[in-house]
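structure of the sequence below:
(chains A and B)
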2 protein chains.
Amino acid sequence: MRKLSHIELLQRQADQKRFPLPFSIVLNDIRSLYNVGSIFRTADGIGIAKIWLCGITGCPPDTQISKTALGAENTVAWKYQRYAMDALRLEKEQGAEIVLLEQLAESIPYHEFRPRRPVCLVLGNEITGVSEELLELCDRAVEIPMAGLKNSLNVTVAFGIVAYHFRNSLAAGMSSEAVQAS
Amino acid sequence: MRKLSHIELLQRQADQKRFPLPFSIVLNDIRSLYNVGSIFRTADGIGIAKIWLCGITGCPPDTQISKTALGAENTVAWKYQRYAMDALRLEKEQGAEIVLLEQLAESIPYHEFRPRRPVCLVLGNEITGVSEELLELCDRAVEIPMAGLKNSLNVTVAFGIVAYHFRNSLAAGMSSEAVQAS
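Next up, the predicted model:
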């Protein structure tokens, strides 16, 4: 196997560029600014259209966010909305399906859910998750199967796992639409 | 939607417990002890059978590893092997397919690869990846599609994305085997 040259890496990256996906996220009461930055970096890789920063979640510009976002805080569209509820209502008005990442009575394994239309993924606080009142605005809930001692993952890792799965479903849908249209 | 009580959470977790999957990982020259700890936490969630810690990668017990592993460093089997090459040879002798996570000329999108037998996922240094000599021992290479400005993800996030995809394929295979055997 062969390593890519720097030029080849840039070319491959250019080939993979896409318009933003119909995919937004809501970060509600995320405590750690490093986590916010890391989520920006992953969101940039996915091509997420918008990040809503809500409640106590910190916003750019911030040195801790920059340390893990590595510049992605300048490439992904974001908006601060004090109450996540307002962000969810705006997303619903745009036709998005609201999907919460949390272990609820109704949660299904994330990989069994395939978004077929604009989707808005909601992440709550690292410890307490989302508030009861937000639950009512969510259409679906997904969770990550946990096989071991611990009952949760780091929020940035959990986000990456679920968001890339959504990305794969959405990108596959967009490709088949392009084929049908041609 | 309804939040789970603590008892219900524990019950759900107990329902999801599985024997370790035929899935091991090699961490070669991972620089950050926090990254090592975070990978332990995710590996615990997946049910990974073994972690090989190679080269400069730090080992438990270590306070930085514990800070992100949150106890998972005591639940996932691991071994330090100075040269990753030796770990890969031992894995190959056990029948494992060696899969490298890195952007190589031969890399395919990770979600197009479905492990069907024991698999060993190799992760290299955060900056330089794996050495040329290790490439020759790898059977396959996978990469994560990158749509934005940045050309890489944090290694713990990248690991979570790919490893949970492998977990889903392996767990589905084991379920169908169980059905066939019954």
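
direction-wise, compare the lengthiest helix in chain A with helix B:155-181 and give the angle.
For chain A, the longest helix by residue count, based on DSSP state H, is helix A:155-181. Orientation check (axes from the mean of the first three to the mean of the last three C-alpha atoms, to 10 degrees): helix A:155-181 against helix B:155-181 gives 70 degrees.

off-centre distance for helix A:155-181?
From the chain centre to the centre of helix A:155-181 is a distance of 11 Å (C-alpha atoms, centre = their mean, to the nearest Å).

give the buried residues for it.
For helix A:155-181, the neighbour count (16 or more other C-beta atoms under 10 Å in any protein chain shown) marks A:155-171, A:173 as buried. To be clear about C-beta, it is placed using only N, CA and C from the backbone, and glycine gets the same treatment.

restrict these to those near chain B?
A:156, A:157, A:158, A:159, A:160, A:161, A:164, A:165, A:167, A:168, A:171 (C-beta under 8 Å from any C-beta of the partner chain).

list the contacts for the first one?
Residues near residue A:156 by C-beta atoms under 8 Å, 6 or more residues apart in numbering or on different chains: A:35, A:38, A:39, A:42, B:154, B:156, B:157.

give me the neighbour count for residue A:96.
20 (other C-beta atoms under 10 Å in any protein chain shown).

which residues does residue A:60 contact?
A:40, A:66, A:69, A:73, A:74, A:78.

quick one, phi/psi of it?
phi -70, psi 160 (degrees, to the nearest 10).

mind listing the strands for chain A?
A:21-28, A:48-54, A:78-81, A:97-101, A:108-109, A:119-123, A:140-143 (DSSP state E).

quick check: pLDDT value at residue A:109.
Confidence at residue A:109, expressed as pLDDT, is 97.

wait, isn't it in contact with residue A:145?
Yes: the pair residue A:109 and residue A:145 passes the contact test of C-beta atoms under 8 Å, sitting 5.6 Å apart.

these two: which has the busier surroundings?
residue A:145 (19 against 13).

so how far is residue B:142 from that one?
Counting by C-beta to C-beta, to the nearest Å, the gap from residue A:145 to residue B:142 is 21 Å.

and for residue A:70?
22 Å.

next: residue A:118.
28 Å.

between the two, which one's more packed in?
With other C-beta under 10 Å as the criterion, residue A:118 and residue B:142 differ in neighbour count, and residue B:142 comes out ahead with 22 against 16.

bridged to the more buried one, which residues?
Counting by DSSP bridges, residue B:142 is bridged to residue B:101, residue B:108.

so how far is residue A:9 from it?
Distance from residue B:142 to residue A:9, by C-beta to C-beta: 16 Å.

same question, residue A:145
When distance is defined by C-beta to C-beta, residue A:145 is 33 Å away from residue A:9.

and if you look at residue A:153?
For residue A:153, the distance to residue A:9 equals 29 Å [C-beta to C-beta].

looking at the two, which one has more neighbours?
residue A:153 (22 against 15).

tell me the contacts of the more buried one?
With contact taken as C-beta under 8 Å, 6+ apart, residue A:153 is in contact with A:144, A:146, A:161, B:41, B:42, B:45, B:160.

in helices only, show me the residues you listed.
The helices, defined by DSSP H, take in A:161, B:41, B:42, B:45, B:160 from the contacts of residue A:153.

need phi/psi at residue A:146.
The phi/psi pair for residue A:146 (degrees, to the nearest 10) is phi -120, psi 120.

actually residue A:131, not the one I wrote
Dihedral angles for residue A:131 - degrees, to the nearest 10 - are phi -80, psi 160.

so residue A:24 sits against residue A:48, correct?
Yes: at 6.7 Å, residue A:24 counts as touching residue A:48 under the criterion of C-beta under 8 Å.

intersection of neighbour lists for those two?
Listed as contacting both residue A:24 and residue A:48 by C-beta under 8 Å, 6+ apart is no residue at all.

what comes up buried for stretch A:9-18?
A:12, A:13, A:16.

from those residues, which land in helices?
A:12, A:13, A:16.

and which of those is nearest to residue A:87?
residue A:16 (28.7 Å; C-beta to C-beta).

ok, the closest residue to the closest one other than its chain neighbours - contacts?
The shortest distance from residue A:16 to any non-neighbouring residue, by C-beta to C-beta, 6 or more residues apart in numbering or on different chains, is to residue B:145 (5.3 Å). Counting by C-beta under 8 Å, 6+ apart, residue B:145 touches A:16, A:45, A:167, A:171, B:109.

any chance of CSV for those, columns distance to residue B:92?
Listed next are those as CSV, based on distance: C-beta to C-beta, whole Å:
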residue, distance to residue B:92
A:16, 31
A:45, 31
A:167, 32
A:171, 34
B:109, 24
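
residue A:52: which of the residues you listed is nearest?
residue A:167 (17.8 Å).

wait, isn't the closest one in contact with residue A:46?
Yes: applying C-beta under 8 Å, one finds residue A:167 in contact with residue A:46, separated by 4.5 Å.
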